[in-house]
Structures are given as structure tokens and as C-alpha cells.
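Student: I need the structure of the sequence given here:
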Amino acid sequence: PGVISDASRLSVPRFRYYQNVCTQSYSFVWWDWPRWEREIDWMALHGINLALAFTGQEAVWQRVYLSLGLNQSEIDEYVTGPAFLAWNRMGNLHTWDGPLPLSWNLKQLYLQYKILERMRSLGMIPVLPAFAGHVPKGLLRVFPRINATQLRSWSSFNCTYSCAYLLDPGDPMFQVIGAVFLKELIREFGTDHVYGADTFNEMSPRSSDPAYLSGISAAVFKSMTGARGRAGWVGAQGGLAGSQPDFWQPAQVRALLRGVPLGRMLVLDLFAETQPVYQRTESFFGQPPFIWCMLHNFGGNHGLFGTVESVNQGPFDARRFPNSTMVGTGLTPEGIEQNDMVYELMSELGWRQAPVDLRQWVADYATRRYGARNAGAAQAWQLLLRSAYNCSGLCVDHNHSPLVRRPSLHMAPQLWYNQSDVYEAWRLLLGAAGELGASPTYRYDLVDVTRQAAQQLVSDYYLEIQRAFQKGALPELLTAGGVLIYDLLPELDSLLASDGHFLLGRWLEQARATAASAKEAELYDRDARNQVTLWGPNGNILDYANKQLGGLVLDYYRVRWSLFVSALVESLTSGIPFHQEKFNQAVFQVERGFIYNGKRYPTQPAGDTLEIVRRIFLKYYPQAMRRGQ
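Tutor: Purely as a prediction, here's the structure:
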């Protein structure tokens, strides 16, 4: 539509985009309307004017599938549980943790009405979902002659839960299904004529033939225009081209893009702060306009992280790139509610004509955030800016700390910064408590920085455990393991439990509150637990969506570490070699038991945050600084 094609001629970026398809599951999945309303207001305050609006689509797909002749059992077999719907929508997963209760569909349908009304009232363009070509297996029963290919398995899943069926772009049913879905969607929600669909998210197409790839994108786009003649496609083709560079050579990228008329596709260069695709594709071959996006976070992990130098410079380099077609900036994290500073910076850069002075900017940020100027807090933020928030090179915010990983003897903790900078920032921030202690944002940041310091200490104790075992030094192993299991991890858990933003109970109770019955509540509770732990029936994407939450640290991570240290101690005392695979089998029972134990966790914070931080600081800061030198 004109809203996209006209934007490509603007010298000042017009769009400020928000969301990743995965955010729908990692962060938004259990939200009620008050939480959505607050988020949309935040979007408006930060100038977001283009955003995904994928909620409620399962109710529409339910009607479409029934109208095509599928029975309810075939639909139930296809859909996943709520916490995994993002990957069901993209064709990565089916069946896992389903079926999806019909009450879920209705509640999400009504929630989408409110989301869209609010977005549109604030001048935003909602990006509605479209048909990408993936179909349930049941469709092959109804239409046995359709031309559908079963794709290879996704990630570590086998075909029990992956290997989606993809319609051939030339099959007439491609357009039928796409048009039926969009007509039903538009009848329900209206439309702003902008749609999102990605056919090959983290999956290789069956053919690298440019004609096939062009045919796929042409078919997807044609299905968008089948319901309404005006249509624009917002897609993350830039992201998948960056994640599979061996497959997506220039000919393949060009073919995929040129299957869509010029100006009718808006590409998200999804991970541009680290892997910008526009640079190696000559600004996407001048074909579509694109948005320079900061992905930043994977899985909603906690952990101080940022690539601020790249973020500060990248959008402006993209605008100056020869024949640039950049038309905006975007925030595309897989999970939110972490590292607020990075998102505030990126949001502000969408309005600027040049990079900011980062040192001055972060000093002003600290004052705005706490409502008062404090020298110690300002200095703490300068240290964080130059350390945890200044990762350079190929940096990915996916927390690999031993704290949140299944223990083994082969982990190699690595930091891109001087950890003493975080310890010193911790000291300075705590020292500002007298002036800033009443500020909720100050208390949140104090918890977060203390959490990061504790995470670093866990890595140090792990290395001591590793060295002690390799030397056969049982006393040293018992000392390091004992401190980790019986003091540091319980202290970290009590710290997190003192702040409502770091409570496992809130994540689980939000899930349970979505349910319409006790049975559904149990389903959603297990679904929510599985996502942040095993991520699949057998630890298929183990700990990918790891979180540091009060309750989770004590009853999940600490229990794993206790089992690990006990196994190492037994190995030294018995003389029987430690076998990682045997340990993995034993710890899997612990991990799985956590998902099904049904334990309820507090939804309100407990304890005095400042008192807990001071206690941890007095115990650990001196040795932390010695280790950090």
C-alpha cells in the first residue's frame, strides 16, 4: 500500500517498529488486558507506529480449518500449548503441549479486539497475520491430491512435534486457504492492509532454486491481496537470511524478495546490531524498503547485556549506506522486561539525526530513571556502560552462565567485560540507597545488578569446583560446592523473591489465571514451567528461555547443582569416574519433576530488598573484587 511505498522516498525514517514473533510466547502469552494496555501506552510514548498484532488468530484458524473439512481432533492434534504458539504459527512445531482449549481461543479473540482498538486509537498500524503456507496434516486427508511437502525437523525436535507440511506455491489450495483466512480475519478485526508472514523461520526450503523461492513469496503475497486488493507485507526475511547464510546466497535472497511487487514488502533486518543483512545484500538489492532492527535478547533471559556502540552507530550507518532503502528503526527482542536502558536508547535513536554521546546520555538516563541526580548512581552507570553494556564483535544476548545451565564439567564461562566493573557498580549503586532508596526503579536496578554480581560469583565457584575435581581435591570441592549450594544460591533466591518483577509465582499465576477451569489451569501451569526449563518433552531446547526468578533459582537451578556436586563427591570418594550422560539422565528426572510438581509460589514479594542486598554485599563483595582483578 501507499503507506509502505511512499515511505521509501522519505529522507527521515518514518517507521518505528516493535515486536518479534517470539515475543508473543516468551513475554505476552499470559497477559490480561490491563497489562496489554500498559504496554501499548508504553509503545505510544516511545513513538512506536508499526507493531505486530497476532493475538487471537487461533480462533480464526479454528473456523477456517472446520470450514475446509478438518475435524476437531485433527485441529487439536496440530496446535500447541499457549507458551509455544509462536512456533506453531511459524510452522516449526505442532502438537507439543496441546491441545489448545477452545476457551483460550475465545478469550484471546476478545483480547485482540481491545488491543487493536487501542493501537488504532493511538495512530499505530497493526500488522495482522497472514497465511505463510504451513498446513495441518489433516488437510491431506480432506484434499489427498494437494501438493504439500513435509519439511525437515526443526531444532532438536523429531517429526512427532515438527516436520511441518508446506503447500507448494503453485497448488490452487494455497490461494484458497490464504484468502479464506484473511477474509475471516478482516471480517473479525478489520484491517490496516499490512500483514506479516514468514515461511522459512529457521528452516531451510526444500529447494534453493530461485524460481521456487520467488514462487513462494509471490504466492504468499497473492494470498494477501486475494482478500483485499491493497496489501503490504512486513516480513523478517532479513533475519532468516542472516541466520542461514550458507543457504541464502545472493541469488536466493534476490529471488525471495523479487517475488513481491516493488514497494509492497517491508523487510525487517532483524538482528542488524550484530548481523546486518543489508550490508551484504546491497541494501536488499534495492528491492524493498527495510527497517534497521535491534534484536538484543533471546528467550527473555535475564542478564546485563548490550551492544550500545553498535546500536548507537548502526542506524545512521544504514541510512548513509549507498542506495539505502532504510525507512525506520525497530525493536525486535524475543523477550522483554529486562535491560530497560538498551530499549530506551534504541527508542530514542529512532528520532535522532546522529548518534548520541553515550556517556552523557547514560548520565542523563540515570537522573531520569531515579528522579534525582546522584553521583554514585551516575558513576555506577558509567561502569555498566563500558562493561556489560558494551559487547563488541559477534555478541548474542543468550545467557550461557553456568548458573542457568545444566551442570557439566565442560562449561567455559566467558565474559566480554571486566567483571570488577560490575562489582564496583554494585558498590556504588548500593551506596546511593540513602538518597534513592524510595525509588522503585532504583530498587529494581539494585536487584538486577546484585543478581548480575551473584551470577558472576556462581561462575567463579563453578571453576573452583571444576579445578578441585580435576585435581582430586575433595576438601576444596566440598568448600566451593557447599558455599554455592547452601549460601550463594539461597541468598540469590531470597534477593529475587524480594522484588515482584523477579517472581516465578507471578509467571505461573498469570498462566493459571488465564484458565477457565482447574484442568486448564494445570495445563497452563505445566506449559509455563516447561518453556523456562526443558523447552520440549526431553529438554529439546534445554534452558533456552532461562530466567532468574525467586523460586526457580532455589527449586530448579539449586537442586541441579546440588545433584551435580554430590555426583562429583561420590566419584572422588568411590574412585568411579564421573559419567556426564548418567548424570544427565538423573538430573532430567529432577527437571521433569519440577514441571509436574504443582507447587504454588508466592505472587507477592517478601523481605527487605536493601537489607538483603547489604547482607549479600558484606559477605561476597571483598572476595568478589579479589577474584575480579
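
Student: Count the residues that sit near the nearest residue to Gln466 once chain neighbours are set aside.
Tutor: Using C-beta to C-beta, 6 or more residues apart in numbering and skipping residues adjacent in sequence, the residue nearest Gln466 is Leu409, 6.0 Å away. All C-beta atoms are positioned from the backbone trio N, CA, C, and that covers glycine. By other C-beta atoms under 10 Å, 14 other residues sit near Leu409.

Student: One more: Gln62?
Tutor: Counted with other C-beta under 10 Å, the neighbours of Gln62 add up to 21.

Student: Is the residue nearest to Gln466 in contact with Phe583, as I believe?
Tutor: No: using C-beta atoms under 8 Å, Leu409 makes no contact with Phe583, being 9.5 Å away.

Student: Now do the helices for the stretch 401-550 of the chain: every range, in order, please.
Tutor: Assigned by DSSP state H, counting those that start in this stretch, the helices in the stretch 401-550 of the chain fall at 419-431, 433-436, 440-471, 474-483, 489-497, 504-513, 518-531.

Student: Select, out of those helices, the one closest to Met203.
Tutor: Minimum separation from Met203 across the helices of the stretch 401-550 of the chain (C-beta to C-beta) falls at helix 518-531, 20.4 Å.

Student: for stretch 332-345, how far is the first residue from the last?
Tutor: One end of stretch 332-345 sits 14 Å from the other (C-alpha to C-alpha, to the nearest Å).

Student: next one: stretch 282-302
Tutor: Using C-alpha to C-alpha, the two ends of stretch 282-302 sit 35 Å apart.

Student: Check the offset of that stretch from the chain's centre.
Tutor: Its chain's C-alpha centre and that of stretch 282-302 lie 14 Å apart, by C-alpha atoms, centre = their mean, to the nearest Å.

Student: Now do the phi/psi pair for Glu58.
Tutor: phi -60, psi -30 (degrees, to the nearest 10).

Student: pretty sure it is touching Gln108, no?
Tutor: Yes: assessed by C-beta under 8 Å, Glu58 is found in contact with Gln108 at 6.6 Å.

Student: Surely Ala219 forms part of a helix?
Tutor: Yes: under DSSP: H, G, I helix; E, B strand; the rest coil, Ala219 sits within a helix.

Student: excluding its backbone neighbours, what's nearest it?
Tutor: Ala219 sits nearest to Pro169 (C-beta to C-beta, 6+ apart), 3.5 Å away.

Student: show me the contacts for that neighbour.
Tutor: By C-beta atoms under 8 Å, 6 or more residues apart in numbering, the contact set of Pro169 is 133, 212, 215-216, 218-220.

Student: in the stretch 301-450 of the chain, which ranges drop under the pLDDT threshold?
Tutor: 394-397 (pLDDT under 70).

Student: try the chain
Tutor: For the chain, the ranges with pLDDT under 70 are 1-12, 227-229, 237-243, 394-397, 628-629.

Student: for it, what spans make up the strands?
Tutor: 15-18, 50-52, 125-129, 134-135, 148-150, 165-167, 194-196, 232-235, 265-269, 290-294, 326-331 (DSSP state E).

Student: I'd like these as JSON lines, with mean neighbour count and distance to Leu85 appended.
Tutor: Listed next are the strands of the chain as JSON lines, based on neighbours: other C-beta atoms under 10 Å; distance: least, C-beta to C-beta, whole Å:
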{"stretch": "strand 15-18", "mean neighbour count": "24", "distance to Leu85": "19"}
{"stretch": "strand 50-52", "mean neighbour count": "23", "distance to Leu85": "13"}
{"stretch": "strand 125-129", "mean neighbour count": "24", "distance to Leu85": "11"}
{"stretch": "strand 134-135", "mean neighbour count": "22", "distance to Leu85": "13"}
{"stretch": "strand 148-150", "mean neighbour count": "16", "distance to Leu85": "21"}
{"stretch": "strand 165-167", "mean neighbour count": "23", "distance to Leu85": "18"}
{"stretch": "strand 194-196", "mean neighbour count": "24", "distance to Leu85": "15"}
{"stretch": "strand 232-235", "mean neighbour count": "26", "distance to Leu85": "19"}
{"stretch": "strand 265-269", "mean neighbour count": "28", "distance to Leu85": "20"}
{"stretch": "strand 290-294", "mean neighbour count": "30", "distance to Leu85": "22"}
{"stretch": "strand 326-331", "mean neighbour count": "25", "distance to Leu85": "21"}
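
Student: Of all those, which one is nearest Trp42?
Tutor: Using C-beta to C-beta, these put strand 15-18 closest to Trp42, at 9.5 Å.

Student: any chance you could map the helices in the stretch 51-200 of the chain?
Tutor: 57-67, 72-78, 85-89, 102-121, 138-142, 172-189.

Student: Which of these sits closest to Pro402?
Tutor: When those are ranked by proximity to Pro402 (C-beta to C-beta), helix 85-89 comes first, at 27.1 Å.

Student: what residues are up against Glu77?
Tutor: 94-95, 98-99, 136-138.

Student: Dump the residues you listed into CSV; add distance to Glu435 as well.
Tutor: Below are the contacts of Glu77 laid out as CSV (distance: C-beta to C-beta, whole Å):
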residue, distance to Glu435
His94, 54
Thr95, 55
Gly98, 52
Pro99, 54
Pro136, 59
Lys137, 62
Gly138, 63
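
Student: which of those lies closest to Ala179?
Tutor: Closest to Ala179 out of those is Pro136 (17.8 Å), distances taken as C-beta to C-beta.

Student: So that closest one is in contact with Val64, correct?
Tutor: No: contact criterion C-beta under 8 Å: Pro136 and Val64 do not qualify, at 10.6 Å.

Student: And those two? Which one has more around it.
Tutor: Legend: neighbour count by other C-beta under 10 Å for Pro136 and Val64, higher for Pro136 (22 against 19).

Student: if we look at the sheet, which residues does Met326 bridge to?
Tutor: Residues in a beta bridge with Met326, per DSSP bridges, are Phe290.

Student: Looks like it contacts Gln279 (just checking).
Tutor: No: using C-beta under 8 Å, Met326 is not in contact with Gln279; the gap is 11.5 Å.

Student: Contacts only, for Ser155.
Tutor: Here Ser155 is in contact with 92, 162, 202, 540-541 (C-beta under 8 Å, 6+ apart).

Student: Tell me which residue lies nearest the centroid of this protein.
Tutor: By C-alpha atoms, centre = their mean, the chain has its centre lying nearest to Glu334, at 2.0 Å.

Student: The nearest residue to it once chain neighbours are set aside: what's it in contact with?
Tutor: Closest residue to Glu334 apart from its sequence neighbours, by C-beta to C-beta, 6+ apart: Cys22 at 4.2 Å. Contacts for Cys22 (C-beta under 8 Å, 6+ apart) come out as 86-87, 334-335.

Student: same deal with Trp561?
Tutor: Contacts of Trp561 (C-beta under 8 Å, 6+ apart): 407, 481, 484-485, 489.

Student: now it: how far from Gly226?
Tutor: As judged by C-beta to C-beta, to the nearest Å, Trp561 and Gly226 stand 55 Å apart.

Student: Tell me which of the strands of the chain approaches Val180 most closely.
Tutor: strand 134-135 (12.2 Å).
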